[in-house]
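1. how would this look folded up:
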Amino acid sequence: MAAAQLAARFEEAMTAFELKVRPQQKVEFECRAKCAGNMNLSAEAYQECQLKCGERLDRVQRAFAAQVKQFEEQYVRCGQSCEDIIRNKLRALPQSHQGELPADLKAELQQCAERCSQTQLDALPAMVKQWENLLR
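-> Presented below is the predicted three-dimensional model:
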């Protein structure tokens, strides 16, 4: 349940951020158009102008991508930790239970995964705030 909610909220946050980035994309586009429209620029000056126009948005996009990657990696590590806990408990069971996951361990794994999803869901607003700060 929390995993589906996390996915939905994450998608909403990504869409909202993308919409907030559009004005900056417009500024960059207009800046690049001015560079292209200036026929007095040498090839080197034109390249510098184009790069300068994209600097801010490039920084925002790199920072955004790094934050999303970190968020996703934390979620994956949490899930892997849940699996490790259950795997260790499964090893302690008699050989006859090896390979199959007893109902109690299955429930424990599901609860642990739910906690991971809830933890990330709780962390999402802070990450969204960081995204918004990138645009300031």
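2. Please report how far residue 133 lies from residue 3.
-> According to C-beta to C-beta, to the nearest Å, residue 133 and residue 3 sit 27 Å apart. The C-beta positions use only the backbone N, C-alpha and C, and glycine is treated the same way.
3. ok, those two, which is more surrounded?
-> For residue 133 against residue 3, the residue with the higher neighbour count under other C-beta atoms under 10 Å is residue 3, and the figures read 16 against 9.
4. And that one, how close does it get to residue 56?
-> Distance check for residue 3 against residue 56: by C-beta to C-beta, it reads 35 Å.
5. hey, where'd the helices end up in this protein?
-> Listed in chain order, the helices found in the chain under DSSP state H are 2-37, 43-91, 103-134.
6. JSON lines for those helices, including mean pLDDT?
-> JSON lines is the format used below for these (pLDDT from 0 to 100):
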{"stretch": "helix 2-37", "mean pLDDT": "95"}
{"stretch": "helix 43-91", "mean pLDDT": "95"}
{"stretch": "helix 103-134", "mean pLDDT": "94"}
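7. nearest residue to residue 128 other than its sequence neighbours?
-> Distances taken as C-beta to C-beta, 6 or more residues apart in numbering place residue 13 nearest to residue 128, at 5.0 Å, with adjacent residues excluded.
8. burial count for the one you found?
-> If you count neighbours by other C-beta under 10 Å, residue 13 ends up with 16.
9. That one: what's it in contact with?
-> 124, 127, 128, 131 (C-beta atoms under 8 Å, 6 or more residues apart in numbering).
10. try 10 Å this time
-> By C-beta atoms under 10 Å, 6 or more residues apart in numbering, the contact list for residue 13 reads 68, 124, 125, 127, 128, 131.
11. So it versus residue 78, what's the distance?
-> From residue 13 over to residue 78 the distance is 19 Å, taken as C-beta to C-beta.
12. try residue 5
-> Taken as C-beta to C-beta, the span from residue 5 to residue 78 is 16 Å.
13. Tell me which of those two has more neighbours.
-> Between residue 5 and residue 78, residue 78 has the larger neighbour count (other C-beta under 10 Å), namely 17 against 12.
14. center of the protein - which residue?
-> For the chain, residue 68 is the residue whose C-alpha lies nearest the centre (C-alpha atoms, centre = their mean; 2.1 Å).
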